[in-house]
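>>> Provided below for reference: sequence and predicted model.
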Amino acid sequence: MKNKLEKLLDQLEDKIPFCRELNQEVSPANVGWHIEHSLLTLDEIINFLIQSNPNDYKWKFNFIRIVVLTMKKIPRGKAKSPKVVQPKENIDNNDLLMHISKTRYKIKELENLSADKYFEHPFFGKLRLRQTKIFLEIHTKHHLEIIEDIIK
């Protein structure tokens, strides 16, 4: 049975045929950019989790983290993504299909990580594995909603 992230990845894959679609009223980026950004984000965060040292984790109160993880919503247009997860310019269907395959493998790696692994988010601070998975779901859904609005 597929987990939530795998199901969200299926939804991203279903949007690949629309990768060139653009609606400036919704986003300055096309559907392909949003798919690739979502994949890059998943890959980078999973890499961080794998390499994290649980001994370096220290909990800190973070109001923004509490709001986003509780509401399960990221407000649109409020943050700029880090360069490392900003896609290159010309993304085509084949690039996206290959990247989807790579990310499917990455998501499987989450199953073998210990619960005390963590990711350090630029706005939310340090998130343990469980919170990181929730964030990845919220982030991916956020971009799927933008994609849907572009395609409408």
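The structure has been received and is ready for your questions.
>>> how far away is D56 from F63?
For D56, the distance to F63 equals 23 Å [C-beta to C-beta, to the nearest Å]. From N, CA and C alone the C-beta is placed, and that goes for glycine too.
>>> now do I107
29 Å.
>>> Show me the longest helix that occurs in this structure.
helix 129-151 (DSSP state H).
>>> Give the buried residues for that helix.
Of all the residues in helix 129-151, those buried under the rule 16 or more other C-beta atoms under 10 Å are 129, 131-137, 139-144, 146-147, 150.
>>> can you give me the mean pLDDT across it?
For helix 129-151, the mean per-residue pLDDT is 98.
>>> in the host helix or strand of L5, what counts as buried?
Taking DSSP states H and E as the definition, L5 sits inside helix 4-14. Going by neighbour count (16+ other C-beta under 10 Å), the buried part of helix 4-14 is 5, 8-9, 12-13.
>>> Just checking, which helix or strand succeeds it along the chain?
helix 31-51.
>>> List the buried residues for that next one?
31-43, 45-46, 49.
>>> Following the chain onward from it, which element is next?
Following helix 31-51 toward the C-terminus (DSSP H and E): helix 63-71.
>>> chain center to that next one, what's the gap?
16 Å (C-alpha atoms, centre = their mean, to the nearest Å).
>>> And stretch 23-33, by the same measure?
17 Å.
>>> This completes my enquiry, with thanks.
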